[in-house]
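J.: next input, structure requested:
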Amino acid sequence: MTRQACLADLVDEASPVADSLGIEVPEDFFCPITLDIMRDPVIGTDGRTYDCTAIVAWLSKHRRSPLTNLPMGSENLRPNEQMRKEIEEWSTWVIRTRNS
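T.: Below is the predicted model:
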């Protein structure tokens, strides 16, 4: 299983638990395009973090940042390891909270 799939599985399990327990999801975890928790966070040349699938689809049509409107391509996207780690830790904490 890929790291991307592992994070997606964690998020898929943690999201409904957080909702049912009234636990807020940190705002930074949401993709500004889909408004869903990111499963594969990447940083664009605009310095913003997006879910990889969403930004690649956006850039295939627009070639501009959805937030700054500056020219942007998908070839320079890079993984946001810090955001991935934070989402992973939060998701794990939510799941453990449910189980305690």
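
J.: pLDDT below threshold where in the chain?
T.: In the predicted model of the chain, residues 1-5 satisfy pLDDT under 70.

J.: report the central residue of it.
T.: Centroid check for the chain by CA atoms, centre = their mean gives Met38 as the closest residue, at 1.6 Å.

J.: tell me the bridge partners for the nearest residue to it once chain neighbours are set aside.
T.: Nearest residue to Met38, sequence neighbours excluded (CB to CB, 6 or more residues apart in numbering): Asp51, at 4.2 Å. No exception for glycine: its C-beta is placed from N, CA and C like everyone else's. Judged by DSSP bridges, the bridge partners of Asp51 are Pro41.

J.: mind checking how far Asp51 is from Val11?
T.: Separation of Asp51 from Val11 (CB to CB, to the nearest Å) stands at 10 Å.

J.: and for these two, which residues touch both?
T.: Common neighbours of Asp51 and Val11 (criterion: CB atoms under 8 Å, 6 or more residues apart in numbering): Arg39.

J.: residues contacting stretch 88-99, please?
T.: Here stretch 88-99 has contacts from 7, 10-11, 13-14, 17-18, 21, 23, 25-26, 29, using CB under 8 Å, 6+ apart.

J.: which parts of that stretch are buried?
T.: Using 16 or more other CB atoms under 10 Å as the test for burial, stretch 88-99 gives 88, 90-91, 94.

J.: quick one: the residue nearest to Met38 and Asp36 touch, right?
T.: Yes: with contact defined as CB atoms under 8 Å, Asp51 and Asp36 form a contacting pair (7.1 Å).

J.: okay, these two: which has more neighbours?
T.: Asp51 (20 against 14; other CB atoms under 10 Å).
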